[in-house]
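**Q** Below are the sequence and a predicted model; questions follow.
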Amino acid sequence: MRYHFSGVAGAGMNPLACLMRARGHEVQGSDRSFDQGKNREIAAHLRRLAIQLAAHDGTAVTPAIDRFVYSTAVEADTPEMRAARALGLDCVSRPQLLAEVVNAGGPGVAVAGTSGKSTIIGMVAWLLRETGVPATVLGGAALVGEGTGGCFVAGPAEGPVVAEACESDGTLVGYRPAIGLVHNVSRDHAELDALRPQFSAFAESCGRLLVNAACPEAAALGRRFKASTYGVSPGADTRLRVTSAGPRRATGSLRLEGRVVVLDVPQPGLHNLENAAAAALLALELGVDASALEAPLARFPGVARRFEVVGTTTSGIRVVDDYAHNGEKIRAAVTTAQAGAPRVVAVFQPHGFGPARFLRQELKELLPRLLRPQDRFCYAEIFYTGGTVAKDVSSRALAADLPAEMRCGYARDHDAVRQWALSEAQAGDTVLIMGARDPDLPRLARKVFESLSVWASSTSSNLLGWR
């Protein structure tokens, strides 16, 4: 068959395009970001797989296409969407296609939750690959050092499929996995009242269900659908015991198959221990022996932009790149950074005007409680990808929401972010760059690190000269 992927650079789209190509289909795609000269690494990777890339202007949408797969981030009135409808093509949303793949897995495994999914999927992919268990894995973020696209591991067509099931577009109801996992449920993309029916439908459709007992919403689902539970809660079926949550690594243990398995994770934070516990349980389900879990977990490279340390300057300023984009993710990133530094210099770029409106009141209440008096915070201007959207809020307004004594910064663009970080950072700080969707954020984090490194070197030279 011939597939066309509209919005193929997306973290959920490009792994699916790669999978369809690996399964022998003809694949083509387009993306607005490619037309803007962005996401070149992803474009090059897709071309290496013989996936044809075209302009995102509708000209590539022809009757030769058997299935037109579209990202839910693509507006309904784009030239490609209009062309596909006019031609009467079989139009399939990304979540629909992903659900098809998962439901046909042997077994199919779906990981759901409002936080942690990409890291859990990355850990599962790593564990399966390191222990030689063949499976198809599809997730929203690549492992560190393996590119900037999503996570993709090609497995046998009739074998296990492990995938990240996202609630952001209301499509959790399409999954029928043999094994489902709900890691957490919190306010993200929608209010809890809107999320609960989705997660309930997902839980009801799972052959077997695992839930994180430490999350009240997930635990409630577990009681309702007789799930197996894991986590730090004393009553969990598989209890996670925490030894240390940081500041550089996270360590703990699980009792699995009659033995204690040590979780020694190179990424700090309680949330990463919880992620590791979930990944370990899924790996067991797919045939990894409990005795084989410890060594690969201790070498886990991490997931791109999930508390990814870009570097540390000679003056001890650590620069961290993180995908945090909702209240719980921002809380996890900031508290993890605080555990390892006397001061945190944090930047957050909202990932769209709708999300900025949705988060505004929550962040107005959260940030004054979360940040210490010595910490510093800056809003970068809202990321805009194009299309029709109401631009009725700005990061300048979000910065003005916070108390004057916080001295919240505002940066109109990425160069202004770099200048703000240079003006605020001190020796020993952690500089934390947070935000989603913008492909230029990793580049920004590297530029901040490079500028701080130059500054640290010149400061050191001046001090040596003075001495």
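**A** Nice, thanks for sending it over.
**Q** Look up phi and psi at C166.
**A** As for C166, its main-chain torsions (degrees, to the nearest 10) stand at phi -100, psi 140.
**Q** That one and V303, how far apart?
**A** To V303, C166 is 15 Å away according to CB to CB, to the nearest Å. In short, each C-beta sits where N, CA and C put it, glycine included.
**Q** Who has more neighbours out of those two?
**A** Shown here are C166 and V303; by other CB atoms under 10 Å, V303 has more neighbours (28 against 23).
**Q** Spatially nearest residue to that one (excluding sequence neighbours)?
**A** Ranked by CB to CB, 6 or more residues apart in numbering and with sequence neighbours excluded, the top spatial neighbour of V303 is G122, at 4.0 Å.
**Q** Do I have it right that the one you found meets E146?
**A** No. Taking contacts as CB atoms under 8 Å, G122 lies outside contact range of E146: 9.5 Å.
**Q** The two: who's more crowded?
**A** G122 (29 against 16).
**Q** quick one: the more buried one is in a strand?
**A** No. Read with DSSP: H, G, I helix; E, B strand; the rest coil, G122 is helix and lies in no strand.
**Q** what's the distance between it and R82?
**A** Using CB to CB, we find G122 at a distance of 36 Å from R82.
**Q** Kindly report the same for D413.
**A** Taking CB to CB, one finds D413 at 33 Å from R82.
**Q** Also T430?
**A** 47 Å.
**Q** The two - which one has more neighbours?
**A** Per other CB under 10 Å, whichever of T430 and R82 has more neighbours is T430, with 26 against 13.
**Q** For the more buried one, give me its contacts.
**A** Counting by CB atoms under 8 Å, 6 or more residues apart in numbering, T430 makes contact with I317, R318, V319, V320, A337, G340, A341, R343, V344, V345.
**Q** again, but for L138
**A** By CB under 8 Å, 6+ apart, the residues touching L138 are 15-16, 19, 98, 101, 121, 150-152, 161-164.
**Q** Try it again at 6 Å.
**A** Contact partners of L138, counting by CB atoms under 6 Å, 6 or more residues apart in numbering, are P15, A163.
**Q** mind listing what the residue lying closest to D35 once chain neighbours are set aside touches?
**A** Using CB to CB, 6+ apart and skipping the chain neighbours, the partner closest in space to D35 is H56 (5.3 Å). The neighbours of H56, taking CB under 6 Å, 6+ apart as the test, are S30, D31, R32, D35.
**Q** So among those, which ones count as buried?
**A** Among those, those scoring as buried are S30, D31, R32 (criterion: 16 or more other CB atoms under 10 Å).
**Q** Leaving out the residues flanking it, which one is nearest to the last one?
**A** The one in question is R32. Leaving aside its sequence neighbours, R32 sits nearest to H56 (CB to CB, 6+ apart; 4.9 Å).
**Q** next one: phi and psi at the one you found?
**A** phi -90, psi 50.
**Q** that older thread, let's have the contacts of H56 in JSON lines, adding pLDDT, secondary structure and distance to A332.
**A** Output for the contacts of H56, formatted as JSON lines (pLDDT from 0 to 100; DSSP: H, G, I helix; E, B strand; the rest coil; distance: CB to CB, whole Å):
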{"residue": "S30", "pLDDT": "97", "secondary structure": "strand", "distance to A332": "35"}
{"residue": "D31", "pLDDT": "94", "secondary structure": "coil", "distance to A332": "30"}
{"residue": "R32", "pLDDT": "91", "secondary structure": "helix", "distance to A332": "30"}
{"residue": "D35", "pLDDT": "94", "secondary structure": "helix", "distance to A332": "34"}
